[in-house]
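>>> The amino acid sequence is not available; the structure is as follows:
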């Protein structure tokens with residue numbers, strides 16, 4: 001089993017989002033990054049579906065205690081599933097593995113696509 005200490009955030013969990021203070025004491029590094037898929041607005045929150053070729057902009061955070069961070073985040077993102085996905089560092093386009101919260105089993109009529117791939121907090 002591969003150990004991964006990185007999580008990709010694309011919405012309210014980014015460093016400028018409302019939930020950042022909840023877990024910032026565990027953060028070792030923050031860097032700009034992106035992944036591919038489709039970003040949507042759902043119930044006034046951003047959600048990500050890993051299908052599509054849109055560039056989704058966000059941040060890749062490195063943590064020293066992912067177990068503690070996941071306990072916090074899984075409570076906030078209770079309606080999303082955490083998966084391991086491919087992300088890219090913005091400064092050099094290198095590919096890395098990071099956890100990403102995705103939405104599944106949702107009626108797409110409830111989603112509004114964010115074509116820019118950027119959620120503004």
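Thanks, I have the structure now. These numbers were taken from a predicted model, which means no experiment stands behind them.
>>> what packs against the helix or strand bottoming out on mean pLDDT in the chain?
Lowest mean confidence among the helices and strands of the chain (mean pLDDT, DSSP states H and E): helix 66-76, at a mean of 93. With contacts taken as 3 or more CB pairs under 8 Å, 6 or more residues apart in numbering; DSSP states H and E, helix 66-76 sits against strand 6-9, helix 20-23, strand 81-89. The way it works is simple: take the backbone N, C-alpha and C, and place the C-beta from them, glycine included.
>>> Pick the most deeply packed of those.
Ranked by mean neighbour count, the helices and strands packed on helix 66-76 are led by strand 6-9 with a mean of 24 (mean count of other CB atoms under 10 Å).
>>> List the residues that contact residue 115.
Counting by CB atoms under 8 Å, 6 or more residues apart in numbering, residue 115 touches residue 54.
>>> neighbours of residue 64, just the number please.
Neighbours of residue 64 under the rule other CB atoms under 10 Å: 12.
>>> shaky segments in this protein?
1-2 (pLDDT under 70).
>>> mind listing what the longest strand along the chain pairs with, with the direction of each?
The longest strand of the chain (DSSP state E) is strand 45-63. Taking DSSP bridges as the criterion, strand 45-63 sits next to strand 6-9 (antiparallel), strand 27-42 (antiparallel) in its sheet.
>>> Now do it and helix 66-76, the angle between them.
Orientation of strand 45-63 against helix 66-76 (axes from the mean of the first three to the mean of the last three CA atoms, to 10 degrees) gives an angle of 170 degrees.
>>> Cool, thanks, signing off.
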